[in-house]
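Peer 1: Take this sequence and fold it.
(one chain, ligands or ions: 1)
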Amino acid sequence: MPDLLKIADHGAVRVIAIDRPDKLNALNAATIDALDAAFADAAADDAVRVAVLTGNGPKAFVAGADIAEMSALAPAQGRDFSLRGTRMMRRVEKMPKPVIAMINGFALGGGLELAMSCHLRIAADTARLGQPEINLGLIPGFGGSQRLLRLAGRAATLELCLTGAPIDAARALQLGIVNQVVPAADLQAETMRLGERLAAAAPLALRGLLDCVNVGGECGIEEGLEYESAQFGLLFASADMREGTRAFLEKRKPAFQGR
Ligand code: COA
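Peer 2: This is a model prediction of the structure:
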C-alpha cells in the first residue's frame with residue numbers, strides 16, 4: 001500500500017501531510033488509521049513540540065470522508081466508520097501539544113471536521129470550507145455538528161449543515177471557524193512562523209492551557225475555574241516557570257526545556 005501520509009520534522013515542528021492528492025486527500029479507513037498512529041507518535045515524541053496538519057497537492061486539505069468507501073457500508077459499519085474517525089479526531093483535539101491545521105484548499109465534510117479538531121486553523125485565501133454531507137443524504141459523522149456548534153454557534157452550524165453550501169475563507173474567518181487567512185502563496189511560511197513561535201513556548205504551560213480549554217469547555221464555570229487554578233499551581237513546580245519569570249526580570253529571552 002502506498003504511504004498515505006508524508007511526515008517531516010522542521011526543528012521541533014512536525015508536519016503531517018495527507019498524501020492522496022488524486023482523491024483530494026479523502027479520508028478512507030486506512031488514512032484515518034494512519035493519522036491516528038501519526039498523532040500518537042507525535043504526542044509521545046518529546047522532540048516534537050508542535051504539529052502541523054495539511055493535505056498534499058494543489059487543491060485540497062481534505063475533501064471529506066471517502067465517499068466511494070462509504071457508499072457500500074451497512075448501518076453498523078457506518079457507525080463503526082464514524083466512531084473510527086471520531087476517535088482519531090478526539091486524539092488530535094486532546095493532543096498534549098498544539099496542532100495547527102494548515103488549510104490549503106477544500107476542507108469539506110470530514111476535512112472541516114478534522115480541521116476543527118485541531119487547536120488553531122490557518123487558511124489560504126483560496127480555501128473553501130463546508131459540511132456538504134446533506135447532499136449525500138447524510139449528516140456530519142466525525143463530530144462536525146458538535147464542534148462547529150461550539151466553535152461558531154447555532155446559526156452558522158445550521159446554515160452550513162442544512163444547506164451543505166461551502167463558504168470561502170474570508171467568511172470562515174468572519175464566523176470564527178478559522179483563526180487566520182493568508183494569501184495562498186504565504187500559507188506555508190506563515191504557518192511555520194506560527195509553529196516555530198509555539199515551539200519556543202514552555203511545553204508544560206502549553207499542555208496546561210490545552211487541558212484547561214478541553215476540560216473547561218465541557219464543564220460548569222466553578223469546576224472550570226477550579227481546574228484552571230489547579231493547572232496554574234502545578235506549573236509552579238516546573239523549571240520552565242522559574243526560567244520564564246527569571247528571564248523576564250533579567251530582561252532576556254527565556255530558554256524553555258519542557259521540565
Ligand atoms: N471521497 C472520495 N473521493 C473523492 C472525494 C471524497 N470525499 N472528493 C473528491 N474525490 C475524488 C473524485 O471522485 C475524483 O476522483 P476520480 O478522479 O477518480 O474521479 C478526484 O477526487 C478529484 O475530484 P473531482 O470531483 O474531479 O474534483 P473537482 O475539482 O471537480 O471538485 C470538489 C472538487 C471538492 C468540489 C468535489 O470533489 C466534491 O464535491 N467532493 C466531495 C465533497 C464532499 O461531499 N465531501 C463530504 C463527504 S462526507
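
Peer 1: just checking, residue 178 touches residue 168?
Peer 2: No. The criterion here is Cβ atoms under 8 Å, and residue 178 misses it with residue 168 at 10.7 Å. Every residue, glycine included, has its C-beta placed from N, CA and C.

Peer 1: So which residues of the stretch 51-200 of the chain form helices?
Peer 2: With helices called from DSSP state H, counting those that start in this stretch, the stretch 51-200 of the chain shows them at 67-70, 75-93, 110-117, 144-163, 169-174, 187-199.

Peer 1: which stretch among those comes nearest residue 37?
Peer 2: helix 75-93 (9.3 Å; Cβ to Cβ).

Peer 1: re the thing from before, in terms of neighbours, single out the busier of residue 178 and residue 168.
Peer 2: residue 178 (24 against 16; other Cβ atoms under 10 Å).

Peer 1: Roughly how far does that one sit from residue 7?
Peer 2: 24 Å (Cβ to Cβ, to the nearest Å).

Peer 1: Residue 73 too?
Peer 2: Residue 73 is 29 Å from residue 7, by Cβ to Cβ.

Peer 1: what do you get for residue 66?
Peer 2: As for residue 66, its distance to residue 7 is 21 Å (criterion: Cβ to Cβ).

Peer 1: Over to residue 188?
Peer 2: 16 Å.

Peer 1: residue in the stretch 101-250 of the chain nearest to the ligand?
Peer 2: residue 109 (2.6 Å; Cβ to the nearest ligand atom).

Peer 1: excluding its backbone neighbours, what's nearest that residue?
Peer 2: Of all residues not flanking residue 109 in the chain, residue 64 sits nearest, at 3.2 Å (Cβ to Cβ, 6 or more residues apart in numbering).
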